[in-house]
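Asker: Okay, sequence plus prediction incoming.
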Amino acid sequence: MKIKCIITDDEPVACQGLQSYVEKVDFLTLTGVCEDAIQLNTLLKTEQPDLLFLDIEMPYLSGLDLLATLTNPPKVIITSAYEQYALKGYELDVTDYLLKPIPFERFLKAVNKVHALLQKEVPTEVEDFFFVKSDKQMKKVYFKDILFVEGLENYITIYTPAEKILVHSTMKNIINSLPGDLFIQTHRSYIVNVYHVNLVEGNMLKVAGYEIPVARNCREEVFTRIIKNPL
């Protein structure tokens, strides 16, 4: 995971020190350097960094004053020679507060904290398919293409609009492999994709021309899932 960062500091030596630290950390990418908060404010209109290294004591507008005006700020690490602003910084939800001169070990601890926080915010990708073994082949099957699954002892048949796929598996194993928001077991031998049900008649569901039975003990849950807001 790459983290785009901007350094804002009006002290050339401090700024150069931070740049050298950024270059040592493989997940940090420097996308901008500003001398004051005015320059930073202008840069933020075109750049969307993940992290700001923000000095507090700068001419024209302090780092904290600028931070208070941002509606959706990135993660912020304050860099300052003054301890007295720490409380105000944390009130503005900064990630860390580094006192100058900043040792590299302390810098690394702060950016690792940012990395961990951003990792948690990355949405987990949900796979929309699985692979099944059929006829000595591994076949990729998209969940959206499955009409229903029919079970018979230690075998199941996966029905799609294009084919029937015979798999050596149990109903218990297959139901645990399918997303629960999309599939529901209607009978000990049938699992149905709820979005492919186009007709309900008595204790039967019609799915692409097939009739799928609904067991008495499954009836209430199945019909509640499938029949929403009936007229």
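Answerer: Nice, I can see it.
Asker: what residue ranges in the protein are flagged as low confidence?
Answerer: Across the chain, the ranges flagged by pLDDT under 70 are 123-126, 228-231.
Asker: which residues of it fall in helices?
Answerer: Taking DSSP state H as the criterion, the chain contains helices spanning 12-24, 37-43, 63-69, 86-91, 104-121, 171-177, 219-226.
Asker: Rebuild those helices as JSON lines, extending it with mean neighbour count and distance to E57.
Answerer: The C-beta positions use only the backbone N, C-alpha and C, and glycine is treated the same way. Conversion of the helices of the chain to JSON lines gives the following (neighbours: other Cβ atoms under 10 Å; distance: least, Cβ to Cβ, whole Å):
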{"stretch": "helix 12-24", "mean neighbour count": "15", "distance to E57": "11"}
{"stretch": "helix 37-43", "mean neighbour count": "18", "distance to E57": "11"}
{"stretch": "helix 63-69", "mean neighbour count": "18", "distance to E57": "8"}
{"stretch": "helix 86-91", "mean neighbour count": "14", "distance to E57": "12"}
{"stretch": "helix 104-121", "mean neighbour count": "14", "distance to E57": "19"}
{"stretch": "helix 171-177", "mean neighbour count": "14", "distance to E57": "58"}
{"stretch": "helix 219-226", "mean neighbour count": "14", "distance to E57": "60"}
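Asker: Out of the ones you listed, which is closest to V197?
Answerer: helix 219-226 (5.3 Å; Cβ to Cβ).
Asker: helices or strands up against that closest one?
Answerer: On a contact count with 3 or more Cβ pairs under 8 Å, 6 or more residues apart in numbering; DSSP states H and E, helix 219-226 meets strand 183-187, strand 197-201.
Asker: could you redo the last one with a cut-off of 7 Å?
Answerer: In this structure, helix 219-226 packs against strand 183-187, with contacts taken as 3 or more Cβ pairs under 7 Å, 6 or more residues apart in numbering; DSSP states H and E.
Asker: partners of the strand it packs on in the sheet?
Answerer: On the basis of DSSP bridges, the sheet neighbours of strand 183-187 come out as strand 190-193 (antiparallel).
Asker: And the residue at the greatest distance from the centre of the chain, how far from A215?
Answerer: No residue in the chain sits farther from the centre than G202, which is 41.5 Å out by Cα atoms, centre = their mean. Noted for G202: a distance of 13 Å to A215, by Cβ to Cβ, to the nearest Å.
Asker: cool, and P12?
Answerer: Distance of P12 to A215, computed by Cβ to Cβ: 76 Å.
Asker: With K45 instead?
Answerer: With the distance defined as Cβ to Cβ, K45 ends up 61 Å from A215.
Asker: Please apply the same query to H115.
Answerer: H115 sits 50 Å away from A215 when distances are taken as Cβ to Cβ.
Asker: ok, now H196?
Answerer: For H196, the distance to A215 - Cβ to Cβ - is 19 Å.
Asker: Of the two, which one has the most company?
Answerer: H196 (21 against 14; other Cβ atoms under 10 Å).
Asker: Could you tell me the end-to-end distance of stretch 116-133?
Answerer: Separation of the first and last residues of stretch 116-133 by Cα to Cα, to the nearest Å is 38 Å.
Asker: List the contacts of it.
Answerer: In this structure, residues lying in contact with stretch 116-133 by Cβ atoms under 7 Å, 6 or more residues apart in numbering are 1, 3, 50, 75, 95, 138-144, 158, 165, 167, 177.
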